[in-house]
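Colleague: the sequence and its predicted three-dimensional model are supplied below.
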Amino acid sequence: MASVGIRNVHKSFGAVEILHGVSIDIDDGEFVTLVGPSGCGKSTLLRMIAGLEGISRGEIAIGERVVNTVAPKERDIAMVFQNYALYPHMTVAENMAFSLMLKNAPKTERDQRVQRAAEILGLVPLLSRYPRQLSGGQRQRVAMGRAIVRDPQVFLFDEPLSNLDAKLRVAMRAEIKELHQRLKTTTVYVTHDQIEAMTMADKIVVMHDGNVEQIGRPLDLYDRPGNLFVASFIGSPAMNLLRGEVAVQSAPTFVGAGGVAIPLPAGSGVQHGQPVVLGIRPEHLKLSDQGFPVTVVVVEPTGSEIQIIGKTEGGEEIVANFRERHAFEPGETVRMSVEPNLIHLFHGETGQRLSS
Amino acid sequence: MASVTTAAPPQSATRSRLTESKGFLSAWFMLPAAVLLLVFLTYPLGLGVWLGFTDTRVGRPGIFIGLENYEYLWDDAIFWLSVFNTLLYTVSASILKFVLGLWLALLLNENLPLKSFFRAIVLLPWVVPTVLSAIAFWWIYDSQFSIISWALMELGLIDHRINFLGDPTNARASVIAANVWRGIPFVAITLLAGLQTIPQSLYEAATLDGASRWQLFRYVTLPLLTPIIAITMTFSVLFTFTDFQLIYVLTRGGPVNATHLMATLSFQRGISGGQLGEGAAIAVAMIPFLLAAILFSYFGLQRRKWQQGGGD
């Protein structure tokens, strides 16, 4: 096991720079997810750690060793690919033993290690099958088995669950997390699914357009997103964002389109007339007679909660979640409010977080 | 309206029953293809086999003589020489085409500059009509004006011209070289297509697993390419075994029958010599060899164990 240091890493393909100076510290044994929308550079960064892509500038270290010029096979990492990349002409056991065979490991040691990994992953009855004869989830497990057998310093996962159906994805998510708790191998996990990132990671790195937007523990990112991108990316349904400005009379108040007025917490350090973006998580909205009016457009009961999609008087969309079973009717107008200390406030131009 | 329907003439009822019958329709649609195959493949083949059992000559219908043609060929040294030549020609040319074609395919699969240009160039020997390229080789192998002889003499490597087509061993090597030149594009391009179906991620996974370049080839490329290799080489062997044009233009089977293949001998005896029956018998004698090649590939081409089960 080893730490991974990514220091001011740049990556260009020809004239196009797609990573603009990324720095991330990954501790020994930590589970880190790189999350962001398609094209943000997260997979490229992972492939740079693996050595499948060169590093244009900056350095990557695994443990104490800078690996910029180290060949992939010398880096002592194992990678699980999105399409699993199982060798179709080898059985499950041969797939898992392939790296050991290349190292000329003795047959008994090979068999032992394959057997142990197969037991961990429940693959023992499948060892003599070919990849074509396996289901998606089983192939996924074989790909992980191939990584485990190597007993590497670092596991790299490149969107490993995106080819699975929703139910299997949830199950495999738990399995990977359990595996990490058991093996405690440093893991870097790339995904575009923020739920996966939230549920699995010790630490999340949110990336966007080749930059790191924020690094933090899952709940820290959720509770205190550092900017508008993170605020809108983390959380499902996404945070409600209302544009407007601050009015300070007796107390600071947010005034949005259509005269929506929402009281701000005291001491948020904002000035009168300052343009801001106000963020409210859907579950933080409450029904209250003192609140701002919202016209209900769609009611979506999910069983555990009721989700409302509505419009403010300024025509902005608002999503609210209620655990209580209120009877909403489409077209009806309700009043909603939010605890001032649950409000997120962002700079109107830079999008950076304002409230503490 | 109802009365009109019931009063419809019986022919149109039969017709609509026919046009709705799946069996009739499929037979009807297959008819053109079946007729073409019967007229242009089955009939000539059957006629050839029949002629082999007769003493037909050009201009004189023959009579059935049973296996007499074959008994004659059995004792004919030139026939057996042509069998040997054909096997030598096929085996050595096919091996060379496979090795060089695979090598070329691997090169073309790399990220070379001007990749598509080179891929187009490689196809050239294949698109040039055989007779044209054979005539070009005829000049290359000319005893007086051969560019190879000239170049080697200019370089001081040899002191007299090489007798390419006049010496039996040289002639055999020369026609094999010409056939290899002509056959490489087919092998190279087909194998290149096969190489491109191998997912890049397998190479990446194997690289991370610690494979060297040779091991990537040995454990990933080669096993995944075997189905394509089997089908490509079957076709290549069939083309080579039945080759006629190159030999006919370059040597006409000479010198002293050293390059006579079964196909050229069959033509020489049957058409030039007028012994249609005997020529046909030689051609029919090729069938067991071709059948063996097809059976070999049929079993070789059966889906390997790893290709079976669950499709996706």
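Modeller: Received it, and whenever you're ready, just let me know what you need.
Colleague: now for the residue nearest to B:A280 when sequence neighbours are not counted: which residues touch it?
Modeller: Nearest non-adjacent residue to B:A280, counting by C-beta to C-beta, 6 or more residues apart in numbering or on different chains: B:L51, 3.7 Å away. Where you see a C-beta, it was placed from the backbone N, CA and C, and this is true even at glycine. B:L51 is in contact with B:G62, B:L276, B:G277, B:G279, B:A280, B:A281, counting by C-beta atoms under 8 Å, 6 or more residues apart in numbering or on different chains.
Colleague: buried ones among those residues?
Modeller: With burial judged by 16 or more other C-beta atoms under 10 Å in any protein chain shown, the buried subset of the contacts of B:L51 is B:L276, B:G277, B:G279, B:A280, B:A281.
Colleague: and the helices in the stretch 151-300 of chain A?
Modeller: With DSSP state H, counting those that start in this stretch, the ranges of helices along the stretch 151-300 of chain A come out as A:166-183, A:194-200, A:218-223, A:228-233.
Colleague: which bits of the stretch 151-300 of chain B sit near chain A?
Modeller: B:199, B:201-202, B:204-211, B:215, B:219-220, B:223-224 (C-beta under 8 Å from any C-beta of the partner chain).
Colleague: so how do I select the buried members of those residues in ChimeraX?
Modeller: Typed into ChimeraX, the line below selects the buried ones among those, using 16+ other C-beta under 10 Å:
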select /B:201,202,204,205,206,207,208,209,210,211,215,219,220,223,224
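Colleague: B:A136 belongs to a helix?
Modeller: Yes - counting by DSSP: H, G, I helix; E, B strand; the rest coil, B:A136 is part of a helix.
Colleague: how close does it get to A:M198?
Modeller: 70 Å (C-beta to C-beta, to the nearest Å).
Colleague: all strands of the stretch 151-300 of chain A, in order?
Modeller: A:154-158, A:186-191, A:203-208, A:211-216, A:240-248, A:252-256, A:261-263, A:275-280, A:286-301 (DSSP state E, counting those that start in this stretch).
Colleague: make TSV out of these and add distance to A:E317, mean pLDDT and mean neighbour count.
Modeller: What follows is those, written out as TSV (distance: least, C-beta to C-beta, whole Å; pLDDT from 0 to 100; neighbours: other C-beta atoms under 10 Å in any protein chain shown):
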stretch	distance to A:E317	mean pLDDT	mean neighbour count
strand A:154-158	34	93	25
strand A:186-191	26	94	26
strand A:203-208	22	94	24
strand A:211-216	23	94	20
strand A:240-248	8	91	18
strand A:252-256	12	88	20
strand A:261-263	16	88	15
strand A:275-280	12	92	21
strand A:286-301	8	91	15
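Colleague: same list, the ones you listed, but as TSV with distance to A:E53 please.
Modeller: Shown next, in TSV, are the strands of the stretch 151-300 of chain A (distance: least, C-beta to C-beta, whole Å):
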stretch	distance to A:E53
strand A:154-158	12
strand A:186-191	13
strand A:203-208	15
strand A:211-216	18
strand A:240-248	35
strand A:252-256	45
strand A:261-263	46
strand A:275-280	36
strand A:286-301	42
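Colleague: nearest approach to B:T190 belongs to which of those?
Modeller: Proximity to B:T190, assessed across the strands of the stretch 151-300 of chain A by C-beta to C-beta, is greatest for strand A:154-158 (32.3 Å).
Colleague: now the angle between strand A:186-191 and the closest one, please.
Modeller: Calculated by axes from the mean of the first three to the mean of the last three C-alpha atoms, to 10 degrees, strand A:154-158 forms an angle of 10 degrees with strand A:186-191.
Colleague: can you tell me the strand partners of strand A:154-158 and which way each runs?
Modeller: Taking DSSP bridges as the criterion, strand A:154-158 forms sheet pairs with strand A:77-80 (parallel), strand A:186-191 (parallel).
Colleague: what sits up against the shortest one?
Modeller: Applying C-beta under 8 Å, 6+ apart, the set of residues contacting strand A:77-80 from outside is A:46, A:49-51, A:62, A:140, A:143-144, A:146-148, A:150, A:152-158, A:160, B:204-205, B:208.
Colleague: tell me the domain ranges of the chain?
Modeller: With no chain named, the answer covers chain A. For chain A, the structural domains run A:4-232, A:238-347, going by the TED database.
Colleague: oops, chain B please
Modeller: B:1-52, B:70-307 (automatic domain parsing).
Colleague: now the first one: mean pLDDT?
Modeller: Average pLDDT, domain B:1-52: 80.
Colleague: pretty sure A:L134 contacts A:V92?
Modeller: Yes - counting by C-beta atoms under 8 Å, A:L134 does reach A:V92; the two are 7.4 Å apart.
Colleague: what about these two, which has more around it?
Modeller: Each of A:L134 and A:V92 has its neighbours counted (other C-beta atoms under 10 Å in any protein chain shown); A:V92 has more, 27 against 20.
Colleague: ok, so what distance separates the more buried one from chain B?
Modeller: A:V92 is 11 Å from chain B, where distance means C-beta to the nearest C-beta, to the nearest Å.
Colleague: now render the domains of chain A as TSV, adding distance to B:G166.
Modeller: Formatted as TSV, those follow (distance: least, C-beta to C-beta, whole Å):
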stretch	distance to B:G166
domain A:4-232	50
domain A:238-347	85
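Colleague: of the ones you listed, which stretch is the most buried?
Modeller: domain A:4-232 (a mean of 19; mean count of other C-beta atoms under 10 Å in any protein chain shown).
Colleague: quick one: that one to chain centroid distance?
Modeller: 13 Å (C-alpha atoms, centre = their mean, to the nearest Å).
Colleague: quote the end-to-end distance of it.
Modeller: End-to-end distance for domain A:4-232: 28 Å, by C-alpha to C-alpha, to the nearest Å.
Colleague: follow-up on the earlier one: quick one: closest of the domains of chain A to B:S272.
Modeller: So among the domains of chain A, domain A:4-232 is nearest, using C-beta to C-beta, at 51.2 Å.
Colleague: quick one: low-confidence parts of the chain?
Modeller: I went with chain A, as the question did not name one. Chain A contains residues with pLDDT under 70 at A:355-356.
Colleague: I was thinking of chain B, sorry if that wasn't clear
Modeller: Those would be B:1-11, B:301-305, B:308-312, if you go by pLDDT under 70 across chain B.
Colleague: beta partners of A:I262?
Modeller: Counting by DSSP bridges, the residues bridging with A:I262 are A:F254.
Colleague: now do the contacts for it.
Modeller: Going by C-beta under 8 Å, 6+ apart, the list of residues near A:I262 reads A:L242, A:T253, A:F254, A:G256, A:L278, A:F292, A:S337, A:V338, A:I343.
Colleague: ok, which of the domains of chain B comes nearest A:M172?
Modeller: domain B:70-307 (18.9 Å).
Colleague: between the two ends of the closest one, how far is it?
Modeller: 44 Å.
Colleague: picking that back up, just name the most buried of the domains of chain B.
Modeller: Mean neighbours per residue, mean count of other C-beta under 10 Å, is largest over these for domain B:70-307, with a mean of 17.
Colleague: chain center to that domain: distance?
Modeller: 8 Å.
Colleague: A:A147: what's its closest spatial neighbour, skipping adjacent residues?
Modeller: Per C-beta to C-beta, 6+ apart, closest to A:A147 is A:A78, 3.6 Å.
Colleague: also A:L156?
Modeller: In this structure, A:L156 finds its nearest non-sequential neighbour in A:M79, 4.2 Å apart by C-beta to C-beta, 6+ apart.
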